[in-house]
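Participant: Sharing a model that was predicted from the sequence below.
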Amino acid sequence: MNWEQQQQKMRDIASELLTNGKVDMIIGYEQASVNGKAAPAFITSPEEIQTLVWNDKCENMLAKYALRYKGKQIAIVAKACDARAIVGLMVEHQFPREQIVIIGMVCPGMTDERGRIYESCQVCRHHNPPVYDHFVGDAMEEGEYKLSPTMAKIDAMTPDERWAYFTSQMKKCIRCYSCRQACYLCYCNKCFVDRNQPRWVARTTDLSDNIYYHLGRIMHTAGRCVQCGACERVCPMDLKIWYLAQKVSDDCKELYDYDAGLMLDEKPALADYRLEDSQKAFVD
Amino acid sequence: MNEHEWEPKIVAFLCNWCSYAGADLAGTSRIQYPPNVRVIRVPCSGRVNPLYIIRALQEGADGVLVSGCHPGDCHYSTGNMYARRKFTVLKSLLEYVGVEPDRVQFSWVSASEGARFAEVITQVTEDIKRLGKPTRLVKEEMR
């Protein structure tokens, strides 16, 4: 099944769901006005169904919007990572399974405006939505673990070089918090960076505070992140930050055999423990 | 300052029920250990937010130690078990971005291990002295 066929089938399903009144709203993608990109669409009437699109530019993380319409019956056009994100949110009791219809799209990977496949999609292992109500597309084979180009580069570095690379990225940060806004996991009512009693992050342009924000955010999403890469794609300053999220997810996979967003009845890695967990961080 | 050897300041987050009592025992047993630690008593090692550790380094601590009850002995049953996962991931992340591995350390010390507490502190102090003054994560104004 190619993109057009998937799009047609997705529209048919969406149309049926809306006409039968099974859902109040479809969250999907529409054509954006710039760069041939897709933008999130919120469809409430069957006449608008034709504006829904599905192509290799549907990179936005829609699970974020599912949080905005809690309590409503919604259907969501979910590529594999969105579906996993939704599973993650359901594990965290953000909404019940019945409230959301998942139109699961098989996704071979998204591309940027120049047609290059995103790094997060290059190494993606889960092309099929693990939980769905409708399955659109031909199931793809689950991929093997692949090291991303950035991580391969970092692995070959000495600690000093790693620090130099890390700070070269962090220096660019303007702390617009776009990465937080794009991240479906960042749904705290009040983010730690916005708190001022106590003030966690100082209002400075200090490199150290940029690092504090990013490490803080990565630690908050540790063991929950599905590595969709939305944080890096949205960055206006082109910071490479996704490799940190991937590192933490890899650790959770390796040490605790946990992959976020695959199971509805499994606790996130850092909200769980085993008596025989690794002691490698501790002096003996 | 220059004629003296540089003495690091190490922030130690000790859990109230085990490591803090362990430090107490080291004291009452008259066991010697380096005076470089500044102890912050916390209810449980699970109470220690990773951001506390990064903040300590930001604000001029030369090293950080977090110590709690041995796994299985937590006063709150499982606090240290969560802490173990959290700190394992944190330490690995800090190493990955290029912070020296020994700059932040974790250990288990029980209330009866006064001698072990002294050993851990001696070891951590030596490690930090070897590393020297931190340059990474430190705020500009603290340098």
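Facilitator: That came through, no problem. Numbers count the residues shown, from 1 in each chain, chains lettered A, B, ... in the order given.

Participant: which ones are touching A:Gly229?
Facilitator: Contact partners of A:Gly229, counting by CB atoms under 8 Å, 6 or more residues apart in numbering or on different chains, are A:Tyr118, A:Glu119, A:Ser120, A:Cys121, A:Trp242. Where C-beta positions appear, they are placed from N, C-alpha and C, glycine not excepted.

Participant: try 6 Å this time
Facilitator: Counting by CB atoms under 6 Å, 6 or more residues apart in numbering or on different chains, A:Gly229 touches A:Tyr118, A:Ser120, A:Trp242.

Participant: Now which of these would you call buried?
Facilitator: Among these, those buried by neighbour count (16 or more other CB atoms under 10 Å in any protein chain shown) are A:Tyr118, A:Ser120, A:Trp242.

Participant: in the chain, which ranges drop under the pLDDT threshold?
Facilitator: With no chain named, the answer covers chain A. Of all residues in chain A, none has pLDDT under 70.

Participant: meant chain B, my bad for not saying
Facilitator: Across chain B (using pLDDT under 70), the flagged ranges come out as B:1-3.

Participant: Spell out which parts of it neighbour chain A.
Facilitator: By CB under 6 Å from any CB of the partner chain, the residues of chain B that approach chain A are B:50-51, B:54, B:58, B:81-82, B:84-89, B:91-93, B:96-98, B:105-107, B:136-137, B:139-140.

Participant: Among these, which are located in strands?
Facilitator: B:Gln105, B:Phe106, B:Ser107 (DSSP state E).

Participant: returning to what we had before: can I get the buried part of the residues of chain B next to chain A as one ChimeraX selection?
Facilitator: The buried residues among these can be selected in ChimeraX (16+ other CB under 10 Å) with this line:
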select /B:50,51,54,58,81,82,84,85,86,87,88,89,91,92,93,96,97,98,105,106,107,136,137,139
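
Participant: Okay, strands next: where are they in chain A?
Facilitator: For chain A, the strands defined by DSSP E occupy A:25-31, A:38-43, A:74-79, A:100-105, A:134-136, A:282-283.

Participant: picking that back up, so which of the ones in strands among the residues of chain B next to chain A comes closest to A:Lys9?
Facilitator: Comparing those against A:Lys9 with CB to CB picks out B:Phe106 as the nearest, at 51.8 Å.

Participant: Could you check how far the residue nearest to A:Gln31 when sequence neighbours are not counted is from A:Lys9?
Facilitator: Distance criterion CB to CB, 6 or more residues apart in numbering or on different chains; nearest residue to A:Gln31, sequence neighbours excluded, is A:Val53 at 5.6 Å. According to CB to CB, to the nearest Å, A:Val53 stands 13 Å off from A:Lys9.

Participant: cool, and B:Arg30?
Facilitator: As defined by CB to CB, B:Arg30 lies at a distance of 78 Å from A:Lys9.

Participant: Looking at the two now, which is surrounded by more residues?
Facilitator: A:Lys9 (18 against 7; other CB atoms under 10 Å in any protein chain shown).

Participant: so the more buried one sits right up against A:Phe135, yeah?
Facilitator: No: the pair A:Lys9 / A:Phe135 is not scored as a contact, 9.6 Å apart, by CB atoms under 6 Å.

Participant: Please tell me how far A:Ser45 sits from A:Cys186.
Facilitator: Note on A:Ser45: its distance to A:Cys186, by CB to CB, is 31 Å.

Participant: got it, and A:Lys72?
Facilitator: 21 Å.

Participant: cool, and B:Ala23?
Facilitator: In terms of CB to CB, B:Ala23 sits 38 Å off from A:Cys186.

Participant: again, but for A:Phe135
Facilitator: Counting by CB to CB, the gap from A:Phe135 to A:Cys186 is 29 Å.

Participant: just the helices in chain B please.
Facilitator: Secondary structure of chain B (DSSP state H): helices at B:19-28, B:50-58, B:79-97, B:114-131.

Participant: what's the closest of those to A:Ala63?
Facilitator: Per CB to CB, nearest to A:Ala63 of the helices of chain B: helix B:79-97, 22.7 Å.

Participant: tell me the contacts of the nearest residue to B:Arg116 once chain neighbours are set aside?
Facilitator: Leaving aside its chain neighbours, B:Arg116 sits nearest to B:Val109 (5.5 Å; criterion: CB to CB, 6+ apart). Listed by CB under 6 Å, 6+ apart, the contact set of B:Val109 reads B:Ser19, B:Gly22, B:Ser67, B:Arg116, B:Phe117.

Participant: let's see 7 Å
Facilitator: For B:Val109, the contacting residues are B:Cys18, B:Ser19, B:Gly22, B:Ser67, B:Arg116, B:Phe117, B:Val120, by CB atoms under 7 Å, 6 or more residues apart in numbering or on different chains.

Participant: What about the fifth one, how many residues nearby?
Facilitator: The reference is to B:Arg116. Counted with other CB under 10 Å, residues neighbouring B:Arg116 total 19.

Participant: Now do B:Glu119 against A:Lys280, distance only.
Facilitator: Distance from B:Glu119 to A:Lys280, by CB to CB: 20 Å.

Participant: Between the two, which is the more surrounded one?
Facilitator: B:Glu119 (17 against 10).

Participant: Taking chain B, what residue is nearest to chain A?
Facilitator: B:Gly98 (2.8 Å; CB to the nearest CB).

Participant: pretty sure that residue contacts A:Trp163?
Facilitator: Yes: when contacts are counted by CB atoms under 7 Å, B:Gly98 is listed as touching A:Trp163 (2.8 Å).

Participant: Mutual contacts of these two, please.
Facilitator: B:Arg136.

Participant: State the distance from the closest residue to A:Leu67 other than its chain neighbours to chain B.
Facilitator: Nearest non-adjacent residue to A:Leu67, counting by CB to CB, 6+ apart: A:Tyr187, 5.2 Å away. From A:Tyr187 across to chain B, the span is 19 Å (CB to the nearest CB, to the nearest Å).
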